[in-house]
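In: Got a predicted structure plus its sequence, pasted below:
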Amino acid sequence: MAEAMMVENGNGNGNGKEDYGECLIGYFEEGSHESHRYYLSRRTTLEMLKDRGYSIPASEIDLSLSQFRAIHGDSPDVDRLRFSATHLSDPSKRILVIFCGQHIVKVTSIRSIAAQIVNRETLTGLILIVQSTITSQALKAVNLFSFKVEIFQITDLLINITKHVLKPKHEILTDKQKKNLLKKYNLEEKQLPRILQTDAIARYYGLEKGQVVKITYSGDITQMHVAYRCVW
């Protein structure tokens, strides 16, 4: 009863403030909700590209929320949030990440983005992070780019789905590993179980059709076992 009274009436330290505990401090932090969303989505995107094999400095991923706000403020300029990364094992692969504002993404928005891209000939991928809807005409304009364009809603990037404690381990097989797998079990590609290209994990790793994923399940209840999925 005494503990309940302390939670309801305060911590008794005479400062008039309740002791909410560590788990609730986040609800009372200073700073805007907008900057927090940009911070989380940017960090997940950096982690995602690192997992794809791109060169991402650890200092960028480890940037704290307060440090992010010190750089970008409470209302970040989306143009300052964009960044590019080069693949570690294949320097010819370069991807650009662009954050779109809160407005509806129209065909004029895509044209504006296209006009702003420099060194387009060296670009092999583009990630657009949107906060609103994207029109059908804008999607058609996206398909005209000469490189792959991926579109993520900012809400899909507020957490890193691969870090969930219940999420099994995913490994992307090389072409050689895929060939050896099919040979080992005397299978054709179409006989492998499928994972859709629209699946959240497939999108996280940027998988293409025909790629094979090795999934390792482990837990306290079930024994460890391995499964393979081919992207469709």
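Out: Received, thanks. Numbering: from 1, shown residues only.

In: Can you tell me how far Q67 is from R43?
Out: 11 Å (CB to CB, to the nearest Å). To be clear about C-beta, it is placed using only N, CA and C from the backbone, and glycine gets the same treatment.

In: And the pLDDT for G219?
Out: Among the per-residue scores, G219 holds a pLDDT of 69.

In: same question, K17
Out: So, for K17, pLDDT stands at 40.

In: try V7
Out: 33.

In: circling back: of Q67 and R43, give the one with the bigger neighbour count.
Out: R43 (20 against 12; other CB atoms under 10 Å).

In: Please identify which helix or strand holds the more buried one.
Out: helix 33-51 (DSSP states H and E).

In: Identify the residues contacting that helix?
Out: Helix 33-51 has contacts (CB atoms under 8 Å, 6 or more residues apart in numbering) with 56, 60-61, 63, 65, 68-69, 72-76, 81, 85, 95, 97, 99, 127, 129, 152, 154, 157-160, 162, 204-205.

In: just checking, which of those belong to strands?
Out: A85, I95, V97, F99, I127, I129, F152 (DSSP state E).

In: Using neighbour counts, trim these to the buried set.
Out: A85, I95, V97, F99, I127, I129, F152 (16 or more other CB atoms under 10 Å).

In: which non-adjacent residue is nearest the last one?
Out: Yep, that's F152 we're talking about. I129 (5.2 Å; CB to CB, 6 or more residues apart in numbering).

In: Please apply the same query to K148.
Out: Computed as CB to CB, 6+ apart, the closest residue to K148 that is not its neighbour in sequence is G125, at 4.9 Å.

In: follow-up on the earlier one: dump the ones in strands among the contacts of helix 33-51 to TSV, plus pLDDT and distance to T108.
Out: Output for the ones in strands among the contacts of helix 33-51, formatted as TSV (pLDDT from 0 to 100; distance: CB to CB, whole Å):
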residue	pLDDT	distance to T108
A85	97	27
I95	97	24
V97	98	21
F99	97	17
I127	98	20
I129	98	18
F152	98	21
